[in-house]
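>>> give me a model of this one.
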Amino acid sequence: MIRRSASLWLVCLALAALPLRAQGTAPVGVAWTSLPAAEQRLLAQFHAQWDALPAARQQALERGAQRWLVMTPAQREGAKQRFQRWKNLSPAERDRLRERWQKFRELPPAEQQRIRNNFRRFRELTPAQRERLRETWRRWRQMSPEERATVRERLRERRKERGE
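Model prediction:
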C-alpha cells in the first residue's frame with residue numbers, strides 16, 4: 001500500500017515536472033534496466049508497460065522518482081497533501097490551474113520572482129492579516145475603474161507625503 005501510495009504521488013510530481021519541449025525535438029526514452037533499484041521499486045506499477053510509455057512520460061516519471069527519493073518525510077507529506085487537493089479539484093478547476101501555470105512559465109524570470117516573493121510574503125502573514133488582505137482585494141475588484149483611479153491617486157499622495 002505504501003509503495004502504491006508513493007507511486008501515485010510520484011505520478012503527480014512527474015506530471016508537474018514535464019518540461020516544455022521545443023517543437024521538433026524528440027525526447028529519448030529511458031530503459032527500465034537503467035533505473036536504479038530504488039526508482040524501479042517506486043515505479044513498479046509501470047514496469048509492465050514501461051517500454052510502451054512515451055519517452056517524455058518515462059523521463060518525467062524518472063525525474064519524479066528522483067525527486068521523491070531525496071525528499072524528507074515532511075516534504076513527502078506535503079506532496080501527498082497537494083496531490084490530494086489536486087485530485088479533489090473539478091476538471092474545469094484543473095484546466096484553469098494548468099492555464100495559469102502555463103502563463104506563469106511564460107513570464108520573464110524577474111516577474112516570476114516578483115510573484116514568488118509576493119506569495120512568500122502572503123504565506124508569512126497571520127490568518128487574520130491574510131483575511132484582511134483578501135477582503136481588501138474583494139473590495140478592489142468590485143470598484144469601478146474610476147474608483148480605482150481615485151484610490152491609486154490617494155496612495156500616490158500618501159507616498160509623497162511620507163517621502164517614499
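
>>> how about low-confidence regions in the chain?
1-26 (pLDDT under 70).

>>> strands along that one, start to end?
For the chain, strands defined by DSSP state E do not occur.

>>> quick one: the helices in this structure, in order.
Under the criterion DSSP state H, helices of the chain are mapped to 2-16, 37-42, 55-70, 73-88, 91-106, 109-124, 127-142, 145-162.

>>> what's the most buried one of the ones you listed?
Each of the helices of the chain was given a mean neighbour count from mean count of other C-beta atoms under 10 Å, and the largest, a mean of 19, is that of helix 55-70. Quick note: C-beta positions are derived from backbone N, CA and C, even for glycine.

>>> could you dump the helices of the chain to TSV with distance to residue 31?
What follows is the helices of the chain, written out as TSV (distance: least, C-beta to C-beta, whole Å):
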stretch	distance to residue 31
helix 2-16	17
helix 37-42	11
helix 55-70	9
helix 73-88	26
helix 91-106	30
helix 109-124	34
helix 127-142	48
helix 145-162	58
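
>>> so which of these comes closest to residue 49?
Nearest to residue 49, of all these, is helix 55-70, at 10.1 Å by C-beta to C-beta.
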